[in-house]
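In: Quick one: sequence plus predicted model below, questions after.
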Amino acid sequence: MSATTYAGVEVRLNDEGFFEDPTVWTPEMAVEMARADGITELTDQHWTVLDFMRKEFFEKGTGPTVRVLGKASGVSVKDLYQLFPKGPAKMAARLAGIPKPKGCI
């Protein structure tokens, strides 16, 4: 476990870089994290996915898989890979401040 600072707030991360406590996440943190990952701007489609990821996590206790994300978020799987090129479910979960979804490697 490690700690880092996003948007002026210190957060604890697990060994893979995911938030230990998803309740400390803020949209400003996502913007900063996205820039560090090479995403210069979070578009409306990005926010649709990030909001969906957080909603699913807080309702079901885990983030959705890419398949579920593509079917239920309103953003196609093809678009997901363009928005989150390092792996849509894993990258989106990290930017949304939630744990890595089950089934992600």
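Out: Structure's in. What do you need? Numbering: from 1, shown residues only.
In: can you give me the strands in the chain?
Out: Counting by DSSP state E, the chain has strands at residues 2-6, 9-13.
In: Kindly state which of the ones you listed is positioned closest to residue 41.
Out: Among the strands of the chain, the nearest to residue 41 by CB to CB is strand 2-6 (17.1 Å). C-beta here means a position set from N, CA and C on the backbone, and glycine is covered the same way.
In: Pull out the buried positions in stretch 79-93.
Out: Within stretch 79-93, the residues that count as buried by 16 or more other CB atoms under 10 Å are 79, 80, 83, 84, 87, 88, 89, 90, 91, 92, 93.
In: and that stretch, how far out from the chain's middle?
Out: 8 Å (CA atoms, centre = their mean, to the nearest Å).
In: which ones are touching the closest residue to residue 56 other than its chain neighbours?
Out: Setting aside the residues directly before and after it, residue 56 is nearest to residue 64 in space (CB to CB, 6 or more residues apart in numbering), at 4.8 Å. Applying CB atoms under 8 Å, 6 or more residues apart in numbering, we find residue 64 in contact with 52, 53, 56, 72, 73, 89, 101.
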